[in-house]
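Chemist: The following comprises the amino acid sequence and a computationally predicted model.
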Amino acid sequence: MSDQYSEGALPEDMLDAFHEEEFEQPREQKSPQSCADEMPHLIYRLKVPHSSETFHAYYAGPEEGVHFLKSCDLEMALAGPRLTKASEQAADDSCVLCATLESQETEREDDDAVDATESATKKHDFVIPCHSLVVAPTKYGRDLAEVLGVVRDLSVVNADELVLIERPVTVDDYRRYLDNLDREKEAFNKCRDRIEAHRLPMKLVSAHCLLEDSKILFFFTAESRVDFRDLVKDLVGVFHARIELRQIGVRDEARVTGGCGVCGRILCCHGLSDKLNPVSIKMAKDQNLSLNSLKISGPCGRLLCCLSYEHQFYRDARRELPNEGTRFTYDGTLFKVIEVNVLSNKIRIAGEDGRLLDMEAARLKYLDGHWTITPEEIT
């Protein structure tokens, strides 16, 4: 079986999003109190490794006899000898001891994580350690996910989008995950060859095999909608599995592939941001940045995600400062504000007599509907 779409009824996730407002509008957030009433369990933030997407989930399974392990622990288990039935009991006791030591080490190394769960552990004795691997339902299917920590601010959580963490990842699950990584490389190369054979105007970004589903996901970008029905039939004959193709935008491509930004660090959309936030050219103007697209655009060709990080600070700071172009009289001369530096809290004004003055922004006061300059304090 394959997922086939007709030309007249393509799914919403395949619609192109290359215009300026490429992000969906932020959804209405509920108040923390209402969220707390509807969410009796601890809420965790999870990350899907193959696409760097995050979502929220809770765990309601048994607490005793269940061990949540990190990828490094699972790799060590794969590298070691297989356990026999005679040594299973000893291994279980060892796992309990290792889990206890690991929990203590995590508390020492990550003080922020302790603070995040301090209030939660008053009501819940069990907290899933950070960076543990779990099996949870994603929007693509049941898959492996990484626990990033406990959510502090419940106002960012939508109760309708919460999913249930089914269980921790076992050694067999992790072995299957590593095998899928090799399958994905092969599937990517074969799919790219088939795209070239069909001469389709699309760029393949990545391939992903789900952990507990015989389905292969292919992510691609294109400048317009693509009729890939013949390609899907071809891929089904090659892989003998369910095939799903998803068209994504250029920002999503950067989040999936990752890379290095102009700052020299990992791309924010790939390693830092929970979700892609709207970014506009007005944010660059408010921060007095160059409007040269080469300087304020990321590798994806769109505006830098980091422009939105300090935007609220600049907005709040500018409320106490005059805008560029504001005119007022000082020292018997008409002056005009030509530059406002929010970080240094200084302004530059130009007078009709040719004078250029730099002064502290604190000297400007908005009184009786106009800006005035207070006398400079003598210290």
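Modeler: Sure, I can see it.

Chemist: For stretch 249-264, buried residues please.
Modeler: Buried residues in stretch 249-264, defined by neighbour count with 16 or more other CB atoms under 10 Å: 249-256, 261. (Glycine included, C-beta is placed from N, CA and C.)

Chemist: next one: it to chain centre, how far?
Modeler: In terms of CA atoms, centre = their mean, to the nearest Å, the gap separating the centre of stretch 249-264 from the centre of its chain is 11 Å.

Chemist: Not counting its own residues, what contacts it?
Modeler: The contact list for stretch 249-264, computed with CB atoms under 8 Å, 6 or more residues apart in numbering, reads 16-18, 22-23, 50-53, 205-206, 219, 221, 248, 266-271, 276, 298-302, 304-306.

Chemist: Give me the subset of these that lies in strands.
Modeler: Counting by DSSP state E, the members of these that fall within strands are 205-206, 219, 221.

Chemist: Can you tell me which of the residues you listed comes closest to residue 137?
Modeler: For those, the closest approach to residue 137 (CB to CB) belongs to residue 219, at 19.0 Å.

Chemist: Against residue 324, how distant is that closest one?
Modeler: Here residue 219 is placed at a distance of 43 Å from residue 324 (CB to CB, to the nearest Å).

Chemist: So for the two, which sits in the more crowded spot?
Modeler: Neighbour tally, residue 219 and residue 324, criterion other CB atoms under 10 Å: the higher count belongs to residue 219, 21 against 13.

Chemist: Does the more buried one have any beta-bridge partners, and if so which?
Modeler: residue 206, residue 246 (DSSP bridges).

Chemist: show me the contacts for it.
Modeler: For residue 219, the contacting residues are 51, 204-208, 245-246, 248, 252-253, 256, taking CB under 8 Å, 6+ apart as the criterion.

Chemist: Apply 6 Å and report the result again.
Modeler: 205-206, 246, 248 (CB atoms under 6 Å, 6 or more residues apart in numbering).

Chemist: And these, which is closest to residue 350?
Modeler: When these are ranked by distance to residue 350 (CB to CB), residue 248 comes first, at 48.4 Å.

Chemist: ok, and the closest non-adjacent residue to that closest one?
Modeler: Excluding its sequence neighbours, the residue lying closest to residue 248 (CB to CB, 6 or more residues apart in numbering) is residue 219, at 5.4 Å.

Chemist: And that neighbour, how close does it get to residue 203?
Modeler: With CB to CB as the criterion, residue 219 and residue 203 are 10 Å apart.

Chemist: now do residue 156
Modeler: Distance check for residue 156 against residue 203: by CB to CB, it reads 33 Å.

Chemist: From residue 300, how far out is residue 281?
Modeler: Per CB to CB, residue 281 is found 16 Å from residue 300.

Chemist: Please say which of these two ends up with more neighbours.
Modeler: A side-by-side neighbour count of residue 281 and residue 300, using other CB under 10 Å, places residue 300 first with 20 against 14.

Chemist: For this structure, which helix extends over the most residues?
Modeler: The helix of greatest length in the chain, counted in residues with DSSP state H as the criterion, is given as helix 171-198.
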